[in-house]
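[1] Sequence and predicted structure below; questions after.
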Amino acid sequence: MGCGRKHKMNFSEFGSRFSGSIGINELMDDLGAALSGDRSMRMLGGGNPAHIPAVQACFRERMAALLEDKGRFEDVVGNYDGPQGASRFIEALSDLLRRDTGWDIGPENIALTNGSQNSFFMLFNLFSGRFPGGQEKRILLPLSPEYIGYSHVGLTSDIFRAVLPKIAYPEDDLFKYHVDFERLSVSRDTGAMCISRPTNPSGNMVSDDEMQILRELADTSGIPLVVDSAYGMPFPNIVFEPARAVWDPGMVVCLSLSKFGLPGLRTGIVIAHPDIIRMVSRMTAVFSLAPGSMGAALTYELVRSGEIIRLSHDIIRPFYKAKAQRALAMLRTLLEGLPYAIHQPGGALFLWLWLKGLPVTSRDLYNRLKARGVLVVPGHHFCVGLDEYWKHGDECIRVTFAQDDTVVEEGIALIADEVRKIYAGG
Ligand code: PLP
């Protein structure tokens, strides 16, 4: 008995959306293969956070306490939470956010999900697609390039419209994207705006002033402004420039425990107007009954005490900042003389490298680097929502610096060597 099928499998139109090339799937495949198979592959591609010893020691301690606490562990793994997520975690988080950020929120403003990716699937399909009366709406991404994981989450195709950035040069070999407010217009078919801050892939920290203008624009247009704070404030706070964490009832802030160090526990947090929270909870009930309980249980005490903010500020942020600086210095040394520029590292886990006039596409470069034992993410994947081909996007790659220093160093040396060969016509 084999598992072969006599007939070709037929899938629905919904299914066919997942049968072509999907950037985030390639990225996660690479990540899984690098971790389970060929350990010699330098993983500078995926978004796995670093295993920071002090943070991991804290997780271990919290787990031991959970096991010690009689009946608590059994409750956590043996019961479903409600669809909004564990209420005592939500109450503790609401208190913490009121104290730490001054946001005027209560438990009715918070829902837990099975990871931010899951939050975006729900939110984008709430605010885009077909509306009563027949109008089709889209999600406006005010600053391209944007997170690879957004593409394909729409239940109808083509739900994004993105706006190209203005490019500034704070230093000769450093560039920075700014929102191009002259090009940005909120048309009647815009259902919401969304921006990641810090931005994946560029590590850009959209400034407080730009955020203020985006908030006003969203407000006057009567649409929500979604801020993807997977790397941002108030935790894990992988932010290297001064910035303010903002929320108001017209905004949806998406947080996650993944980059705090717990991607395996799949915990996303949505902070929004109660009407949106109710919808997210109902959708969670339909898609998954409830969010997983372990992330909330393991971090409850850290949230209640505020320790999650201290760890983010005192341990996680300086750890990644030092890694960003090392990776930047190394790229600058090894690429000297080539027509490159690096996006000013404002936060997150990666550097965004622009290889000007590169004679091959970013996909070709990705394949050549893979063959040499280093994984990166090619830039074209991040051109979500652009109507036309953008050469700049195809001249960039995302280089993650979260892994051990030797892996990052070997990876960067291979990237520089291959890039030099390509420019030399090899
Ligand atoms: N948003 C951004 C910008 C990300 O980089 C990621 C993951 O890499 C996510 C959302 C999804 O995170 P989660 O693990 O919470 O689903």
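    Looks like it came in fine.
[2] mind listing the strands in the stretch 201-350 of the chain by residue range?
    Assigned strands in the stretch 201-350 of the chain, in chain order: 225-228, 251-256, 268-271, 340-343, 350-355 (criterion: DSSP state E, counting those that start in this stretch).
[3] For the ligand, tell me whether the first one is touching it.
    Yes: using CB under 6 Å from any ligand atom, we find that strand 225-228 touches the ligand at residue 228. For glycine as for every other residue, the C-beta is placed from the backbone atoms N, C-alpha and C.
[4] Could the C-alpha coordinates of that strand be exported in CSV?
    Taking C-alpha atoms only, strand 225-228 is exported to CSV below (Å, rounded to 0.1, in the frame of the first residue of the first chain):
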residue,chain,number,x,y,z
LEU,A,225,-3.9,52.8,12.0
VAL,A,226,-2.4,49.3,12.7
VAL,A,227,1.1,49.4,14.2
ASP,A,228,3.0,46.2,14.1
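[5] Might you list the low-confidence residue ranges for this structure?
    By pLDDT under 70, the low-scoring segments of the chain are 1-5, 27, 31, 34-35, 37-39, 426.
[6] Tell me the residues of the stretch 1-150 of the chain that contact the ligand?
    47, 115, 116, 117, 147, 149.
[7] contacting residues around the second one?
    Going by CB atoms under 8 Å, 6 or more residues apart in numbering, residue 115 touches 256, 258, 263, 266, 267, 268.
[8] could those be laid out in JSON lines, adding neighbour count?
    Below are the contacts of residue 115 laid out as JSON lines (neighbours: other CB atoms under 10 Å):
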{"residue": "256", "neighbour count": "26"}
{"residue": "258", "neighbour count": "23"}
{"residue": "263", "neighbour count": "17"}
{"residue": "266", "neighbour count": "20"}
{"residue": "267", "neighbour count": "30"}
{"residue": "268", "neighbour count": "25"}
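[9] Quick check: the two most widely separated of those residues?
    Largest separation among the contacts of residue 115 by CB to CB: 263 and 268, giving 10.9 Å.
[10] First-to-last residue distance for stretch 356-366?
    Start and end residues of stretch 356-366 are separated by 16 Å (CA to CA, to the nearest Å).
[11] tell me the SS of residue 134?
    Three-state call for residue 134 (DSSP: H, G, I helix; E, B strand; the rest coil): coil.
[12] what's the spacing between residue 243 and residue 227?
    Going from residue 243 to residue 227 by CB to CB, to the nearest Å gives 11 Å.
[13] where do the contact lists of the two overlap?
    residue 197.
[14] Counting neighbours around each, name which of those two comes out higher.
    residue 227 (25 against 19; other CB atoms under 10 Å).
[15] ok, for the more buried one, nearest residue in space, not its chain neighbours?
    residue 253 (5.0 Å; CB to CB, 6 or more residues apart in numbering).
[16] That neighbour and residue 268 touch, don't they?
    No: Residue 253 lies out of contact with residue 268 (CB atoms under 8 Å); the separation is 11.3 Å.
[17] Please, where are all the strands along the stretch 1-150 of the chain?
    So, for the stretch 1-150 of the chain - with DSSP E, counting those that start in this stretch - the strands run 42-43, 110-113, 129-130, 136-141.
[18] Beta-bridge partners for the residue nearest to residue 227, please?
    Per DSSP bridges, the residues bridged to residue 253 are residue 227, residue 271.
[19] For it, list the residues it contacts.
    Contacts of residue 253 by CB under 8 Å, 6+ apart are 226, 227, 229, 247, 270, 271, 272.
[20] tell me the two of these that are most distant?
    So, these by CB to CB: farthest apart are 229 and 272, at 12.6 Å.
[21] sorry, back to before: so which of the residues of the stretch 1-150 of the chain next to the ligand comes closest to residue 351?
    Out of these, the member with the shortest distance to residue 351 (by CB to CB) is residue 47, at 13.4 Å.
[22] shouldn't the closest one be in contact with residue 400?
    Yes: between residue 47 and residue 400 there is a contact under CB under 8 Å: 6.8 Å.
[23] out of those two, which sits in the busier spot?
    Neighbours per residue (other CB under 10 Å) separate residue 47 from residue 400, with residue 400 holding more: 28 against 25.
[24] and residue 360, how many residues sit next to it?
    Using other CB under 10 Å, residue 360 has 16 other residues around it.
[25] Assign the residue nearest to it when sequence neighbours are not counted to helix, strand or coil.
    In this structure, residue 360 finds its nearest non-sequential neighbour in residue 422, 5.8 Å apart by CB to CB, 6+ apart. Secondary structure, three-state DSSP: residue 422 is helix.
[26] How about the contacts made by residue 422?
    358, 359, 360, 365, 368.
[27] isn't there a helix covering the fourth one?
    Yes: counting by three-state DSSP, residue 365 falls inside a helix.
[28] That one touches residue 414, doesn't it?
    No: if you go by CB under 8 Å, residue 365 and residue 414 don't touch, sitting 11.6 Å apart.
[29] Can you pull the residues of the stretch 201-350 of the chain lying near the ligand?
    With CB under 6 Å from any ligand atom as the criterion, the stretch 201-350 of the chain comes near the ligand at residues 228, 230, 256, 258, 263, 268.
[30] and which of these is nearest residue 332?
    residue 230 (27.3 Å).
[31] Would you check that that closest one makes contact with residue 263?
    No: applying CB under 8 Å as the test, residue 230 and residue 263 come out as separate, 10.2 Å apart.
[32] Give me the common contacts of these two.
    With CB under 8 Å, 6+ apart, residue 230 and residue 263 have no common neighbours.
[33] Surely residue 380 forms part of a strand?
    No: counting by three-state DSSP, residue 380 falls outside a strand, being helix.
[34] Nothing else from me, thank you.
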